[in-house]
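J.: sequence and predicted structure are below.
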Amino acid sequence: MVTTLADDPSVQRLDIDGVLGDPAIRVVVCCGSGGVGKTTTAAALALRAAEEHGRRTVVLTIDPARRLAQSLGLSELDNTPRQVHSVKAVNGGELHAMMLDMKRTFDEVVAAHTDPKRAEEIYVNPFYQAMSSTFAGTQEYMAMEKLGQLRARDEWDLVVVDTPPSRSALDFLDAPARLGRFLDGRMLRLLVAPARTGGRSVFTLVTASFGLFSKLMDKILGAQLITDLSGFVGALDSMFGGFRERSEQTYRVLQAPETAFLVVAVPEPDAIREADYFAGRLESERMPMAGLVLNRVHAPQTTAISAADATTASEEIRAGNPVAADVLLVHAGMMARAEREQAVTRVFTRSHPDVPVATIAAQPVDVHDIDGLREIGLALAVG
Amino acid sequence: MPPSDHAPLRWPARLHVVTGKGGTGKTTVSAALALALAAEGRRTLLVEVEQRQGIAQVFDRAPLPYQERAIATGYPGTASGGGGEVFALAIDAEEALLEYLDHFYRLGRAGRALRKFGAIDFATTIAPGVRDVLLTGKLKEAVTRTTDGRRAYDAVVLDAPPTGRIGRFLNVSAETARLAKIGPIKSQSDGVAAVLRSPVTAVHVVTVLEEMPVQETADAVAELQRLDLPVGSVIINATQPPLLARGRLSQAEVRRGLAATGLPVDRDVVSGLVAEARAHLARREVEIALRDELIALGRPLVELPQLPGGVDLAGLYELAGTLLEPARASSI
């Protein structure tokens, strides 16, 4: 007989109110693969922290669905937290929401680390423009940067972050390091050389093979590109250290006990596999994982009739009672689906038996208002 | 007519780019389409570019190398012999760059030395445009390759990046033009762009009948059309059979039905079943409205059923068969 995941004694229930109400927890990070409901979960958690726990909360969303953004009063990417006024907080709690503007955040980082004249040079460079708007990893890096800023200002009791819709959940941890490595990299150092000496093709002959290398780069990339790149790198050169330091700082915040990671997933093989990797990764990076939020779970309303029995019975009565026959088929589908979802979820709960789990039942329609978010928060608290 | 005879008719392009919101089953649909297109002895190549090893997982194989490997036999034909071969390839941007350099500059092992300088890492990560040109360039090569005057593949199916990135991924020349105004990158990307914008290509969008994926499908179709990229079909994945389409749902009716087969009729069971049925009906209302939104996009619609046992090879063949059925009148 199928039991729901919540009834499974080997699975710990996630005490979401324990996390949201703990004054020592200052950052909640929602991560998971794309399309699992990270943004909605983040918004619902932030709302609950404000309304039920009286905390001054800010939620940083990355790429919210239009209607969800509207329900939070967010109409544009403006990088500024705005108070959500439809919140019913009785004990001083507040909810503020913002959408990440990746380009503007990058501009701010540049401005913070260099003088205005240099900053202007950087802004107009085509490489900077490409990188700040499309570099694979910039969004992840800037989300972390923004989190670092929000936390550093110490204006908020709690910062809830949604993570970018990465191809894989791991990108979000790796991208800042990758960008840092790139900016700090040997390759860029080599390309900086001509900028420093003032000429574009005056590559220093570091080694014999470097001669080949520079010729190749000219050939493949073209001279103009090398010039732009050298200019870009030259301008950024002074900021390398600062970049690294910032990303290391944020990394340390993520490792601190004031942070709680929630891995969000749906009971589908891909999402569970990602969640599994991610939980393992958080463990190896010694980052504090609070639990798994399992979205869109299908739970039968009754488990007294099995899928097989329902299917057989449906055939028997179809001629005389087509409505009841269909009702039984709906039930059979539900039972089969629940069983499949549980089998899939076991991949995670078996390899991470200590990670507590909260489930949210599948809803017929998406959530795009504050009431809907409130219900999700409640569902999470109930488990 | 056996369904497989419809393949070239139903899916006229040679390069099929399959996109969709994450979680809609893009990889499954790509695999099923490759099986369908390999019906009747045709050869297809199934390609992925995001280093997810999704193809290997769908076919339950070890991770794919950067090499074209036979992975399955096409949809069993009925008229002229069996299915052709399906090959699979996971394109890796670094490997594609080295191959490209080797081909055009006869680099040989010296190319490998570039790795030492982080040059490969650099070229494939700094400018996403360059990376995408390499990936789509390899794709173009596979589509246009001939051996002994014969096309290497009758069709190529790409498990493409998701809807959120597809426009940028396929709009290669515009992306690289921002960085490289002239030179080999520019000419390479112009060549790729020409293929992607020609009738050789069709970009299909996979969705499920849920709000966000449908919204993203509409956005993607609009974006692709704006970029002059040829939009193919909209493929609705994981559809449910239409249950409870007629008749009135009532507790009494359900109780009578249960009693007739000797199943338990206690209150909790009956009300539980009715609650499930009502949720199903609510869901169906939403699905009908969402399907209408997809119809309004004016593209051919293809519906694939939810596979009750999850996706396995048998399931992929079942989907392939459905993909080969002639388009229904209502869906054009």
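T.: Arrived safely.
J.: quick one: contacts of the strand ranked longest in chain A?
T.: Longest strand in chain A, counting residues (DSSP state E): strand A:289-297. Strand A:289-297 has contacts (C-beta atoms under 8 Å, 6 or more residues apart in numbering or on different chains) with A:4-5, A:14, A:16, A:19, A:28, A:30, A:36-37, A:40-41, A:260-267, A:275, A:279, A:282-283, A:341, A:345, A:348, A:352, A:355-363, A:380. All C-beta spots, glycine's among them, are computed from the backbone N, C-alpha and C.
J.: just the buried residues of those.
T.: Neighbour counting by 16 or more other C-beta atoms under 10 Å in any protein chain shown classes A:4-5, A:14, A:16, A:19, A:28, A:30, A:36-37, A:40-41, A:260-267, A:275, A:279, A:282, A:341, A:345, A:348, A:352, A:355-360, A:362-363, A:380 among the contacts of strand A:289-297 as buried.
J.: so which of those belong to helices?
T.: Counted as lying in helices by DSSP state H, out of the buried ones among the contacts of strand A:289-297, are A:Ile16, A:Val19, A:Thr40, A:Thr41, A:Ala275, A:Ala279, A:Leu282, A:Glu341, A:Thr345, A:Phe348, A:Leu380.
J.: pLDDT and distance to A:Thr80 added to these, as a markdown table?
T.: A markdown table is the format used below for those (pLDDT from 0 to 100; distance: C-beta to C-beta, whole Å):
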| residue | pLDDT | distance to A:Thr80 |
| --- | --- | --- |
| A:Ile16 | 97 | 28 |
| A:Val19 | 97 | 27 |
| A:Thr40 | 92 | 22 |
| A:Thr41 | 95 | 23 |
| A:Ala275 | 93 | 32 |
| A:Ala279 | 93 | 34 |
| A:Leu282 | 92 | 30 |
| A:Glu341 | 93 | 40 |
| A:Thr345 | 94 | 39 |
| A:Phe348 | 94 | 37 |
| A:Leu380 | 94 | 28 |
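J.: out of those residues, give me the two with the largest separation.
T.: Maximum pairwise distance among these (C-beta to C-beta): 24.2 Å, between A:Val19 and A:Glu341.
J.: and the longest strand along chain B, how far from the chain's centre?
T.: For chain B, the longest strand by residue count, based on DSSP E, is strand B:231-239. Centroid separation between strand B:231-239 and its chain, computed with C-alpha atoms, centre = their mean, to the nearest Å, is 9 Å.
J.: can you list the buried residues in it?
T.: Within strand B:231-239, judged by 16+ other C-beta under 10 Å, the buried ones are B:Val231, B:Gly232, B:Ser233, B:Val234, B:Ile235, B:Ile236, B:Asn237, B:Ala238.
J.: go on, stretch B:209-227?
T.: Buried residues in stretch B:209-227, counted by 16+ other C-beta under 10 Å: B:209-221, B:223-224, B:227.
J.: picking up where we left off before, close to chain B, is the helix or strand following the longest strand of chain A?
T.: Later in the chain than strand A:289-297, the nearest helix or strand by DSSP states H and E is helix A:307-317. Yes. Judged by C-beta under 8 Å from any C-beta of the partner chain, helix A:307-317 comes into contact with chain B at A:Asp309, A:Thr312, A:Ala313, A:Glu316, A:Ile317.
J.: what packs against helix A:307-317?
T.: Contact analysis of helix A:307-317 by 3 or more C-beta pairs under 8 Å, 6 or more residues apart in numbering or on different chains; DSSP states H and E lists helix A:322-351, helix B:251-260 as its packing neighbours.
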